[in-house]
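J.: Just to be clear, the model below is a prediction. Sequence and coordinates:
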Amino acid sequence: MRAAHLAINRLVDPSLAIVLAILAALVITGSVLSEDFGTLRNFLNVVEQSVSLGFVSLGQTLVILTGGIDLSIGALINLSSCLTSGLVGGKPALVVPVVLGILLIGVLVGALNGTLIITLGVHPLIVTLGMMSILQGLTLIYTLQPPGAMPAQFEFLAYGRILGVPFGALIMILLFVGVGYFLRRIRLGRYIFAVGGNPEAARLSGISTSRMIIFVYAACGFFAALTGVYLVSRMGIGDPWMGQGYELASITPVVVGGTILAGGKGGVWGTLAGVFLISFLNNLLNFMDVSSFYQWIAQGLIIIVAVSFYYERNG
Amino acid sequence: MPEAGTERLKASFLVPLFQRYGLYIFLLFLVIASAALSPHFLTAENIEDILNQAAPLGMAAIGQCFVILTGGLDLSVASVMATVAVLATALGAGGDAMAVPIFALGIILGSVVGLVNGYLVTKRKVSPFLATLAVMIVLQGLRFAYTKGAPSGILPPVFRTLGTSSFFGVPINLIALAFLSAVFAVILYRTTYGRKLYLTGGNPRAAYLSGINADGVVILAYVICGVFAALAGLFLVGYTGSVDNWVGKGYELDSIAAVVMGGASFKGGQGGIWGSLGGVIVLIIIFNLVLLLGLPVQAQMIVKGLVIILASAFYLTRKT
């Protein structure tokens, strides 16, 4: 009995159970309230719409696990989206090299964030806030309106389906599985928790905290650039403002999913549940003809309820 | 973190100097560089311009400073600014007679938002980042629901007068900022509340053990921040003359940057009003200089980003 209990505890940690319960309650309520909500077709749509939020939140989760935060995500999405469609300029042959180049830029920008945080000793919030301003400036120097074009086939990333499942969502799930495995089963991944939980202890036990920090910001940069590329596929073209707000939006699923801002505790599955929770909530409110303004109110309340609920449980 | 490098620097006499006066040294460099780059920079007219623009951000930064001293931060500042501005236009049909009620309502709204933030942070133990983020989003939703997307009404003319006129050659904006800074500097540096604020921020446990009502101190800091955000919103629309749903956008982060550049630490208990205002002036000078030099506005963002990072780094070894 006890062994089984422990196994369950290991399998599903309590905050994940809570957010899954809320998600389930939401889906059931939705299905009762609206006929169209509870259909497979709608579920797949919701999943498809949650991909970009999933990508950015995945990166933000890694950063938050170390006790940091990345505010440069939105501006990096803007930059990478504009560079993608601007550089490809409609030529199919350029798609692969450009996308790879953009992802590399994302990694480099993230690594620069991490390096600045380490070497200057400035708080991540301030470094990434400064970086947000720099990247947005660069984006607007590059272009003031949606630049270039993409080949029509590029749409597949956002709208393609494989056996009925959205292609982008498949990539998202694979990335979550990959990062989840990395965090739990690979030594480097476990180090991330150590760095966030107790940096001094981590350092003393021989973990290079600096390298781990640069690593998580680089990963976050990668996911932001990927989001930029994905949004280009969705919208057909890059836009110097398309990523606006993602820096804060990416934090909501992470904390609703039980990862704490102080670092060291949490994980990607809670984040994924948080992403679905927000997407389903917005979808349900749409079905009920509630204006998007109220979706904001609902989102804010969810943050407060979830976070103070976790505190009650832990405290 | 850079242990080896800072150890070496600790021996240098420059370090205490930079630790204490980092921002002012930076500001001095910036002013000299600006004066060298643009002959127009040090004219009375331009200086007045700079100070005039500094007023709304300065007010937001004073409020933010109180919250950061508690070890928190307030992301709802811009949302309060916009909400107050929207309310001002909605009530503005009554003309100048409505000015006092608008100010009163703004202050009440700012206080209520501050109370909610403070309650969540102290009594519900929600992290300040999340509490104020959630309040920001909720407020944004309420504002848009109220305006249905586009605010209507007019701003009473007296706001425009407040925002753009001078009194004996000194912009009214600036007089208001100077007055508020002086009052709140006294509160911060000369009253028991100020002492309690520094102690609570620097060492909450010690504050608690010495019988300070730490929760009350923190909640009051958020209320002060909310009220300053409301005032900043009213002065900003008075200066620019236009109201939309996004008045003050970016002020929450700019005000945080200004306070941190001014020597505050997110750990709390460090920093102060004058440093925060110094940070505000640095940010405004950058905007001003880029315009004077005829550089594209985008360059402003890049320089601003660099300066936020570098100016914060000027406080070497301050982190513990």
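T.: Received the coordinates, thanks. On a predicted model such as this, the values are computed, not experimentally measured, just so you know.

J.: Could I get the contacting residues of the nearest residue to B:Gly248 once chain neighbours are set aside?
T.: Once flanking residues are discounted, B:Gly248 sits nearest to B:Met81: 3.1 Å by Cβ to Cβ, 6 or more residues apart in numbering or on different chains. C-beta: built from backbone N, CA, C; applies to glycine. By Cβ atoms under 8 Å, 6 or more residues apart in numbering or on different chains, the contact set of B:Met81 is B:Pro56, B:Ala60, B:Ala229, B:Ala230, B:Ala232, B:Gly233, B:Leu236, B:Val247, B:Gly248, B:Tyr251.

J.: repeat that with 10 Å
T.: Contacts for B:Met81 (Cβ atoms under 10 Å, 6 or more residues apart in numbering or on different chains) come out as B:56, B:59-60, B:106, B:110, B:228-237, B:246-249, B:251-252.

J.: Count the residues that sit near B:Gly211.
T.: For B:Gly211, the count of nearby residues is 7 (other Cβ atoms under 10 Å in any protein chain shown).

J.: check which helix or strand covers it.
T.: Following DSSP states H and E, one finds B:Gly211 outside all helices and strands.

J.: what residue is smack in the middle of the chain?
T.: By default, I'm working from chain A. A:Ser57 (1.7 Å; Cα atoms, centre = their mean).

J.: Can you look at chain B instead?
T.: Nearest to the mean C-alpha position of chain B, by Cα atoms, centre = their mean, lies B:Ala61 at 1.5 Å.

J.: Let me know the pLDDT of the residue nearest to the centre of chain A.
T.: Looking at A:Ser57, its pLDDT is 97.

J.: In contact with it: list those residues for me.
T.: Contacts of A:Ser57 by Cβ under 10 Å, 6+ apart are A:50, A:64, A:73, A:172, A:176, A:223, A:227, A:246, A:249-254, A:256-257, A:259, A:268, A:271-272, A:274-275, A:278.

J.: what's the answer for A:Gly264, then?
T.: Here A:Gly264 is in contact with A:64-67, A:192-199, A:202 (Cβ under 10 Å, 6+ apart).

J.: Restricted to helices, list the residues you listed.
T.: A:Ile64, A:Leu65, A:Ile192, A:Phe193, A:Ala194, A:Val195, A:Gly196, A:Gly197, A:Pro199, A:Ala202 (DSSP state H).

J.: now the residue lying closest to the third one once chain neighbours are set aside: how far from A:Thr209?
T.: For A:Ile192, the nearest residue in space outside its immediate sequence neighbours is A:Leu65; the separation is 5.1 Å by Cβ to Cβ, 6+ apart. Relative to A:Thr209, A:Leu65 is positioned 13 Å away (Cβ to Cβ, to the nearest Å).

J.: how distant is stretch B:191-210 from the center of its chain?
T.: 22 Å (Cα atoms, centre = their mean, to the nearest Å).

J.: Spatially nearest residue to B:Leu142, not counting backbone neighbours?
T.: Closest to B:Leu142 by Cβ to Cβ, 6+ apart is A:Ile297, at 6.4 Å.

J.: Just say helix, strand or coil for the one you found.
T.: When classified by DSSP: H, G, I helix; E, B strand; the rest coil, A:Ile297 comes out as helix.

J.: So which bits of the stretch 101-250 of chain A are right by chain B?
T.: A:113, A:116-142, A:144, A:199, A:203, A:209-210, A:213, A:240, A:247-249 (Cβ under 10 Å from any Cβ of the partner chain).

J.: Derive a PyMOL selection command for the buried subset of those residues.
T.: Buried subset of those, written as a PyMOL selection, criterion 16 or more other Cβ atoms under 10 Å in any protein chain shown:
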select buried, chain A and resi 113+116+117+118+120+121+122+123+124+125+126+127+128+129+130+131+132+133+134+135+136+137+138+139+140+142+199+203+209+210+213+240+247+248+249
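
J.: From the residues of the stretch 101-250 of chain A next to chain B, which land in helices?
T.: Those of those lying in helices (DSSP H): A:113, A:116-120, A:124-142, A:199, A:203, A:209-210, A:213, A:247-249.

J.: sorry, back to before: list the residues that are in contact with both of A:Leu65 and A:Thr209.
T.: By Cβ under 10 Å, 6+ apart, the residues touching both A:Leu65 and A:Thr209 are A:Val195, A:Gly196.

J.: Phi and psi next, for B:Ile212.
T.: phi -80, psi 140 (degrees, to the nearest 10).

J.: where do the strands sit along the chain?
T.: Picked chain A for this. Using DSSP state E, the strands found in chain A span residues A:161-162, A:165-166.

J.: right idea, wrong chain: chain B
T.: Under DSSP E, chain B gives strands at B:166-167, B:170-171.

J.: Could you name the helices and strands sitting against the last one?
T.: Using 3 or more Cβ pairs under 10 Å, 6 or more residues apart in numbering or on different chains; DSSP states H and E as the contact criterion, the secondary-structure elements in contact with strand B:170-171 are helix B:44-69, helix B:157-164.

J.: Show me the contact partners of it.
T.: Contacts for strand B:170-171 (Cβ under 10 Å, 6+ apart): B:48-49, B:51-55, B:162-165, B:177-178, B:239.

J.: if we can go back for a sec, mind giving me CSV with the strands of chain B and columns for mean pLDDT and mean neighbour count?
T.: Listed next are these as CSV, based on pLDDT from 0 to 100; neighbours: other Cβ atoms under 10 Å in any protein chain shown:
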stretch, mean pLDDT, mean neighbour count
strand B:166-167, 82, 11
strand B:170-171, 86, 18
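
J.: show me the contacts for the residue lying closest to A:Thr29 once chain neighbours are set aside.
T.: Of all residues not flanking A:Thr29 in the chain, A:Leu284 sits nearest, at 7.6 Å (Cβ to Cβ, 6+ apart). Taking Cβ under 10 Å, 6+ apart as the contact definition, A:Leu284 lies against A:26-27, A:29-31, A:33-34, A:37, A:42, A:46, A:290, A:295, A:298.
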